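In: Task: produce atomic coordinates for the following.
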Amino acid sequence: MSGHSKWATIKHKKAATDAKRGKIFTRLIKEITVAARHGGGDLESNPRLRGAVNAAKAENMPADNIKRAIQRGTGELPGVTYDEISFEGYGPKGVALIVEVATDNRNRTVSEIRHAFSKNGGNLGESGSVSWMFRKRGSIAVPKSAASEDQLMNIVLDTSAEDLRDDGEQWEIISLPENFESVLEALKTAKIEVAASEVTMLPQNYIKLEGKEAQQMIRLMEALEDHEDVQHVYSNFDIDQRELEQVANA
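Out: Residues are numbered from 1 along each chain as shown. Alright, predicted model coming up:
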């Protein structure tokens, strides 16, 4: 059972509010700008930029916003230069965390991320302390009401996806990053609903949390994800679906 895909689905639902959508737009604009700065503004030759633009379009970001973010990244328009920093650390019960940020003030962000960990029962670790537990993969959550196992298995085989997992109330399709877009396109062609999708860092194993530790973990995740400089948070916690929803919506 994957805590990752359940949490990703809940985040996707909560993002429907205007406040959350504004934060998502800010994060995506940063990602587009940084991707264009590092790999250029051509979508065909820059997979990271292509993925960021597709994610922005999925959130209905206006095309002008996307264009300006690319132009700021390539230097065609003036803009802020962001540093990318990756933090590694631990939550309750030794749960592993990777936090990726893009910031224009490194010292402030380091201090605030450290504070978010300590305030919510976590602590920062050394570089490399937990990253070895994760692999970069595409993850697509599909409600069980949207497709049968046979339908999805055919798509998995046709698109060279890596795995199809039963995640309780939904299916989770795992793919290599380079196959992620083709899997999404195949689902779209088959008119199969997708609950959440992203290229992420998937853990090789999970730590089950309940009760107080589950509540503490969700508070830590939300504190990190609500920070204006945080782009992604990856973790290997697993919490029962019902308890996860209760805590996250409290």
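In: need the contact list for the residue nearest to residue 202 when sequence neighbours are not counted.
Out: Leaving aside its sequence neighbours, residue 202 sits nearest to residue 137 (Cβ to Cβ, 6 or more residues apart in numbering; 4.6 Å). For every residue, glycine as well, the C-beta is placed using N, CA and C. Contacts for residue 137 were tallied using Cβ atoms under 8 Å, 6 or more residues apart in numbering; they are 162, 174-177, 199-202.
In: So which of those residues sit within helices?
Out: Using DSSP state H, no member of the contacts of residue 137 sits in helices.
In: Pairing partners for residue 138 in the sheet, please.
Out: With DSSP bridges as the criterion, residue 138 is bridged to residue 175, residue 199.
In: pretty sure it is touching residue 182, no?
Out: No - contact criterion Cβ atoms under 8 Å: residue 138 and residue 182 do not qualify, at 9.7 Å.
In: With neighbour numbers in mind, choose between these two.
Out: Counting neighbours by other Cβ atoms under 10 Å for residue 138 and for residue 182 shows that residue 138 has the greater number, 24 against 16.
In: how about that one, what does it touch?
Out: Contacts of residue 138 by Cβ under 8 Å, 6+ apart are 161, 173-177, 179-180, 183, 197-200.
In: again, 7 Å this time
Out: 174-177, 179-180, 183, 199 (Cβ atoms under 7 Å, 6 or more residues apart in numbering).
In: neighbours around residue 150, how many?
Out: 7.
In: Against which helices or strands is the longest helix anywhere in the chain packed?
Out: The longest helix of the chain (DSSP H) is helix 18-39. Packing partners of helix 18-39 (3 or more Cβ pairs under 7 Å, 6 or more residues apart in numbering; DSSP states H and E): helix 47-58, helix 63-74, strand 230-235.
In: and that helix with helix 63-74, angle?
Out: Going by axes from the mean of the first three to the mean of the last three Cα atoms, to 10 degrees, helix 18-39 is angled at 40 degrees with respect to helix 63-74.
In: Report the rounded mean pLDDT for helix 18-39.
Out: With pLDDT averaged residue by residue, helix 18-39 scores 84.
In: follow-up on the earlier one: indicate which one of the helices and strands packed on helix 18-39 is closest to residue 90.
Out: Of all these, strand 230-235 sits nearest to residue 90, with 9.8 Å by Cβ to Cβ.
In: contact partners of the strand or helix carrying residue 88?
Out: Residue 88 is part of strand 83-90, with elements assigned from DSSP states H and E. Strand 83-90 has contacts (Cβ under 7 Å, 6+ apart) with 34, 96-103, 106, 109, 113, 117, 122-125, 127, 129-131.
In: Parallel or antiparallel, list what pairs with it.
Out: With DSSP bridges as the test, strand 83-90 pairs up with strand 96-103 (antiparallel), strand 123-124 (antiparallel).
In: can you put the ones you listed in TSV and add mean neighbour count and mean pLDDT?
Out: Listed next are the strands paired with strand 83-90 as TSV, based on neighbours: other Cβ atoms under 10 Å; pLDDT from 0 to 100:
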stretch	mean neighbour count	mean pLDDT
strand 96-103	22	95
strand 123-124	14	94
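In: Put together TSV for those, with distance to residue 223 on each row.
Out: Output for these, formatted as TSV (distance: least, Cβ to Cβ, whole Å):
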stretch	distance to residue 223
strand 96-103	11
strand 123-124	14
